[in-house]
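>>> Quick one: sequence and predicted model below, then my questions.
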Amino acid sequence: MLSPDPKMLEFALTSFIAVFIIINPLSTIGLFLSLTKNDREQERRKIAFMCSLASFLVLVFFALTGFLTFQLYSITLEAFRIAGGIILLIIGLRMLFPPAHEPKEIRVGTEVWLVPLAIPMTSGPGAITTAVVLSTQVTNPWLEISLWGAIFVACAITFVVLRHASWVDRRLGPTGVEAMIKIMGLMVCAVGVQFMITGMKEAFPLLT
């Protein structure tokens, strides 16, 4: 019988923080309220749940298949960490300094919980990259469970935030939500830089 990995809790916490700040449910509140403004409360709850569930399944799928993708395309873990770090850094910078002419309207279909709420707003390129990079640090079943748990908790909190989107929007106000997005953006930049540092150290041991 395998004994629990002593790094399990630390890895779970690190994974949760990384996934949650990338998902950043606060940044989805405005779009969620806009897309569901004509829906009843019960329908809003269903959309929030389906969005969170779809995001969880997408992120777990990529966390499971990331290593196989590396083997298929002969990609080293170090290369993906560096590339993932660059992507996250760019996303974080866009959160801190949004483009002046960013489109305000998004064309959607009938299943708004899937597109654009789950993909690409909640489980977009940044979250997928984070899940795959974190999966490269998994060395035993305990850490695998930790990663799945971290993704689940992050998506569960996303459900709670979207479920009470109206209340959060009223309490924080536009300024409060914008401030939280800026803080999240700074954290995303930090995570991206850390991924790059880790990848560079492993690719070039002399740097250590």
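Sure thing, it's come through. Numbering: from 1, shown residues only.
>>> For the stretch of helix or strand residue 19 belongs to, buried residues please.
Using DSSP states H and E, the element containing residue 19 is helix 8-23. Neighbour counts over helix 8-23 (16 or more other CB atoms under 10 Å) mark 11-12, 14-16, 18-23 as buried. C-beta here means a position set from N, CA and C on the backbone, and glycine is covered the same way.
>>> Residues contacting the helix or strand following it, please?
Toward the C-terminal end, the helix or strand that comes next after helix 8-23 (DSSP H and E) is helix 26-35. By CB atoms under 8 Å, 6 or more residues apart in numbering, the residues outside helix 26-35 that reach it are 47-48, 51, 95, 106, 108, 112, 116-117, 121-122, 158, 161-162, 165-166, 168-169, 172, 177, 180-181, 184.
>>> Can you turn the buried part of those residues into a PyMOL selection?
Buried residues among those (16+ other CB under 10 Å), as a PyMOL selection:
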select buried, resi 47+48+51+95+112+116+117+121+122+158+161+162+165+168+169+177+180+181+184
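>>> Filter the contacts of helix 26-35 down to the ones in helices?
Judged by DSSP state H, helices contain the following of the contacts of helix 26-35: 47-48, 51, 95, 158, 161-162, 165-166, 168-169, 172, 177, 180-181, 184.
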